[in-house]
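> build me a structure from this.
(one chain, ligands or ions: 1)
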Amino acid sequence: MINQMDLGQLKKMIEGKVLDNELMSKHTSYGIGGPALAFVEPKSIKDLQMIKSFALRNEVKIYCIGSGSNLLVSDAGINGLVINLEKYFKKILFNNNKCYAETGVKLSKLVKESIKHGLGGMETMIGIPGTLGGALVMNAGAFNQEISRYLTAVEIFNGKDTVERISSNDINFGYRTSSFKSTDIIIGAEFVLNPMDAEEIEKNRDIANNRRKSTQPLKFRSAGSVFKNPKQGQPAGYLIDKAGLKGKSIGGAKVSEIHANFIVNDADATAGDMVKLIEYIRKTIMEKHSIFLELEIKTLGFAEGTFDA
Ligand SMILES: Cc1cc2nc3c(=O)[nH]c(=O)nc-3n(C[C@H](O)[C@H](O)[C@H](O)COP(=O)(O)OP(=O)(O)OC[C@H]3O[C@@H](n4cnc5c(N)ncnc54)[C@H](O)[C@@H]3O)c2cc1C
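Here you go, the predicted structure:
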């Protein structure tokens, strides 16, 4: 187990920031989550190498997160180092219709910059919260666009001395899923976008923005859709709505009245409240439709088996 003194060493080893015992509720869109051993903001690849060797020496795990907009963290927190690239990995470069971006960049910023460069393809994703890193792992998408569609390569820090460049052909992407390993830290990504008429790009963007505003509970803390849509049949939100669960709450966790696949943090919800409500929804949908709803959100810090139906 690492202690204050060990973390003091880590602080000396890297140029970036180390916040010990940092509450993860400050770093998740739900506003939920207990403390991580440390929340680390590396400044460079060298910092990442130092963090990796520190973790190996002290036998602690590393977790890389983005803005935590698709993340439920347990009340007990995370027994490991949480790495976040939002502060220092924010470069965006354009070369004609090619774009390179570091993964700490907000997806919305990348989309805005692409639009400024007259490049289309990602504009309907403008309202997806979070970083490029999170979007790649989740294969985030909206209104018929997906982040993987225009991706050509990624750069991954895999703990060795160098950063590895991997072609997008060697990565499998599916509906809100990708084949990245949980130990991969994605540093940057390259895209080839479509030169498009500015008016058309802006029209697509505005339609998507308006639809999002009218169909999602954007005034409440959430992590977007909690469950994946089943492979066949009706979407998860439809099934939850038809089961009469809109407005159902447990503790501070509540099924949104606006979009039934969103659970909102209505009043100081705990991760425990969230887990109970997720289980309740799953049980109800299983009884009514014999469908097991798979989680779309990612979870950290829970004991194995917590989310079994
Ligand atoms: C109001 C709202 C609306 C949303 N609408 C949509 C939508 O329309 N479509 C959609 O797809 N999603 C949507 N989401 C979900 C969420 O915004 C996306 O999944 C987003 O891409 C997550 O990005 P993030 O940076 O917050 O990732 P996080 O939640 O921080 O992490 C997600 C996963 O990625 C991993 N990860 C993050 N960065 C890295 C990295 N650099 N290297 C390696 N692993 C990394 C994490 O470990 C975790 O497994 C919505 C969420 C909210 C709150």
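> now the strands for the stretch 51-200 of the chain?
With DSSP state E, counting those that start in this stretch as the definition, the stretch 51-200 of the chain shows strands at residue ranges 61-65, 71-73, 78-84, 92-95, 98-102, 119-120, 141-142, 145-146, 151-157, 163-167, 173-174, 177-178, 185-192, 194-195.
> now these in a markdown table, with mean neighbour count?
Heads up, the C-betas are built off the backbone N, CA and C, glycines and all. Below are those laid out as a markdown table (neighbours: other CB atoms under 10 Å):
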| stretch | mean neighbour count |
| --- | --- |
| strand 61-65 | 20 |
| strand 71-73 | 26 |
| strand 78-84 | 22 |
| strand 92-95 | 14 |
| strand 98-102 | 19 |
| strand 119-120 | 24 |
| strand 141-142 | 18 |
| strand 145-146 | 20 |
| strand 151-157 | 20 |
| strand 163-167 | 13 |
| strand 173-174 | 15 |
| strand 177-178 | 16 |
| strand 185-192 | 23 |
| strand 194-195 | 12 |
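> now distance to the ligand and mean pLDDT too, for these, in TSV please.
Below are these laid out as TSV (distance: least, CB to the nearest ligand atom, whole Å; pLDDT from 0 to 100):
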stretch	distance to the ligand	mean pLDDT
strand 61-65	4	96
strand 71-73	4	98
strand 78-84	8	97
strand 92-95	15	97
strand 98-102	9	98
strand 119-120	18	95
strand 141-142	4	92
strand 145-146	8	94
strand 151-157	8	97
strand 163-167	12	95
strand 173-174	12	96
strand 177-178	9	96
strand 185-192	4	97
strand 194-195	20	94
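> nearest to Thr215, of these?
Nearest of the strands of the stretch 51-200 of the chain to Thr215, taken as CB to CB: strand 141-142 at 10.9 Å.
> so what secondary structure elements neighbour the helix or strand that Gly8 is a member of?
In this assignment (DSSP states H and E), Gly8 forms part of helix 4-13. Of the remaining helices and strands, those touching helix 4-13 by 3 or more CB pairs under 8 Å, 6 or more residues apart in numbering; DSSP states H and E are strand 17-20, strand 36-41, helix 45-58.
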